[in-house]
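Student: Sequence and computational prediction follow.
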Amino acid sequence: MPQTNPSQFTDSDRPTAPDVSRRELLLGAAALGIAAAAASLPAFAATGLRVGYIPIIPMTQLYVLTGEGWAADAGLALQTTSFQSGPAMIQALASGTLDVAYVGIGPAMIARSKGVKLKVVAANVIDQVALIGRGPLVKAMAGAASPAEGVKAFRAANGRRPKIGSLPAGSVPDTVLRYWMAEIARIPSEDIEIVGMGEQPLQQSLLTGAIDGASILEPILTLVQSRLQDAAIIAKAGSMFPKQPGAVLVVTEDAIAKNRDAVAELVKLHIRATAFAKSNPDRTAELVTDIIGKGLVERDVMRAALTSDATTFIDDPRVILDSTKRMQAFQQSLAQITEPVDVDALFDFTFHDAAKKK
């Protein structure tokens, strides 16, 4: 008996009993698919996290996990806000307008010392601050037997102290500069004029010659050297404050209590982004340039900055525990921290350990 082709049916040939059309079947299947997908989303899918960050390279993990769409795929709704300095972001954390911050360890410690309840759940980078100079300062330093002698030579030749820019007092670059002067180079504090400012004004000041040098991080280090022939690194990253702690991922204790699963997922993505940044410099350069350097930094310059000696990505917070204690002790000597912080209590390793299945 020949098979009947349903497409040959006329209206009079179709059964008169209620029927389910092909279109209805497809719509029903689609609805079931949507329902199944919704059921598979994490429980925190509808919960957002308010994230603050400073638009600099040490926050690369954030740019990767958002730019590649991982956060959205994991059900995280991240509401990001850019800040020009760590202290400004800490104020936002203290006021309760942020849940998460990609910020320097220095401001994080200061915030904790002032009663802001937050935890370091992951690290971003290590040994990221270097001292760059231009023109007369580079010349004076290059011909001197020591950095201290170089500063003296600069003053003798120019009739003034060298003006060194950095981020505001209490930031990691500022602390590293002061540590280098006091503990490594043995340069009296009165021999250098330190000027604190935001990242963009500092870059512009270097390029225009308003300052003689800067204790700063990438991409400014690479960008300035690409544009000024007389610019050079005076003190390399890692030599100013050995194993210096840098930017970290901090979360308020309130956010942890309310959205622990979301925080755990964010740390997992942070770890994934760290590995991605190390192994995919070309794509990472695209993502970073789109967020912090578009129209300001060429992509090849950004790639060079991401692979320079001043960019060492990490994610394990234990790597910076001891050096953080050393940094706090030095900040106390500067009276930047009046109340000592229990550094061990500042760190929460449980999220990173769980992600790594330790």
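Tutor: On my side now, so go ahead.
Student: right, and V301 touches L223 too?
Tutor: Yes. Using CB atoms under 8 Å, V301 is in contact with L223, at 5.5 Å. Where C-beta positions appear, they are placed from N, C-alpha and C, glycine not excepted.
Student: Give me the three-state assignment for T66.
Tutor: helix (DSSP: H, G, I helix; E, B strand; the rest coil).
Student: count of residues packed around the residue lying closest to it once chain neighbours are set aside?
Tutor: Excluding the flanking residues, the one nearest T66 by CB to CB, 6 or more residues apart in numbering is L78, at 6.2 Å. Residues near L78, counting by other CB atoms under 10 Å, number 18.
Student: got it, and the one 5 residues further on?
Tutor: Using other CB under 10 Å, F83 has 20 neighbouring residues.
Student: what residues are up against the residue nearest to it when sequence neighbours are not counted?
Tutor: Leaving out its chain neighbours, the residue that sits closest to F83 by CB to CB, 6+ apart is M89, at 4.3 Å. By CB atoms under 8 Å, 6 or more residues apart in numbering, the contact set of M89 is G52, Y53, I54, F83, L98, A101, V103, P107.
Student: Who wins on neighbours among the residues you listed?
Tutor: Counting by other CB under 10 Å, V103 has the largest number of neighbours within the contacts of M89, with 32 neighbours.
Student: Look up how far I56 lies from that residue.
Tutor: 10 Å (CB to CB, to the nearest Å).
Student: Then G75?
Tutor: 28 Å.
Student: which of these two has more neighbours?
Tutor: Taking other CB under 10 Å, G75 and I56 do not tie; I56 has more neighbours (23 against 17).
Student: What about the residue lying closest to the more buried one once chain neighbours are set aside, how many residues nearby?
Tutor: Spatially, and ignoring its direct neighbours in sequence, I56 is nearest to E199 (5.9 Å; CB to CB, 6+ apart). Using other CB under 10 Å, E199 has 20 other residues around it.
Student: Walk me through the domains of this structure.
Tutor: The chain resolves into domains spanning 48-126+245-356, 130-235 when parsed by automatic domain parsing.
Student: count of neighbours near W70?
Tutor: 18.
Student: Would you agree it is in contact with F276?
Tutor: No. The pair W70 / F276 is not scored as a contact, 9.1 Å apart, by CB under 8 Å.
Student: Give the intersection of the neighbour lists for the two.
Tutor: V64.
Student: In three-state terms, label T80 for me.
Tutor: Per three-state DSSP, the secondary structure class of T80 is strand.
Student: Quick check: closest non-adjacent residue to it.
Tutor: In this structure, T80 finds its nearest non-sequential neighbour in V51, 4.8 Å apart by CB to CB, 6+ apart.
Student: Name the strands paired with the helix or strand where that neighbour lies and say parallel or antiparallel.
Tutor: In the assignment (DSSP states H and E), V51 maps to strand 48-53. When pairing is defined by DSSP bridges, strand 48-53 lines up against strand 77-82 (parallel), strand 100-104 (parallel).
Student: ok, so what distance separates L78 from L269?
Tutor: Note on L78: its distance to L269, by CB to CB, is 10 Å.
Student: residues touching S308, list them.
Tutor: By CB under 8 Å, 6+ apart, the residues touching S308 are E218, L221, T222.
Student: try it again with 10 Å
Tutor: I57, Q128, A130, L217, E218, P219, L221, T222, Q225, I233, A237 (CB atoms under 10 Å, 6 or more residues apart in numbering).
Student: rewinding a little: tell me the bridge partners for the residue nearest to T66.
Tutor: Beta-bridge partners, per DSSP bridges, of L78: L49.
Student: ok, so what distance separates it from I256?
Tutor: According to CB to CB, L78 stands 16 Å off from I256.
Student: Might one say that L131 is in contact with V151?
Tutor: No. When contacts are counted by CB atoms under 10 Å, L131 is not listed as touching V151 (11.6 Å).
Student: Could you tell me which residues touch both of those two?
Tutor: L137, M141, I164, M181, A185.
Student: quick one: common contacting residues for V301 and L223?
Tutor: With CB under 10 Å, 6+ apart, V301 and L223 have common neighbours G293.
Student: and the gap between the residue nearest to T66 and L346?
Tutor: 23 Å.
Student: and I132, what is it in contact with?
Tutor: I132 makes contact with 138, 164-165, 206, 213-217, 220-222, 224-225, 228, 231-235, 310 under the criterion CB under 10 Å, 6+ apart.
Student: This completes my enquiry, with thanks.
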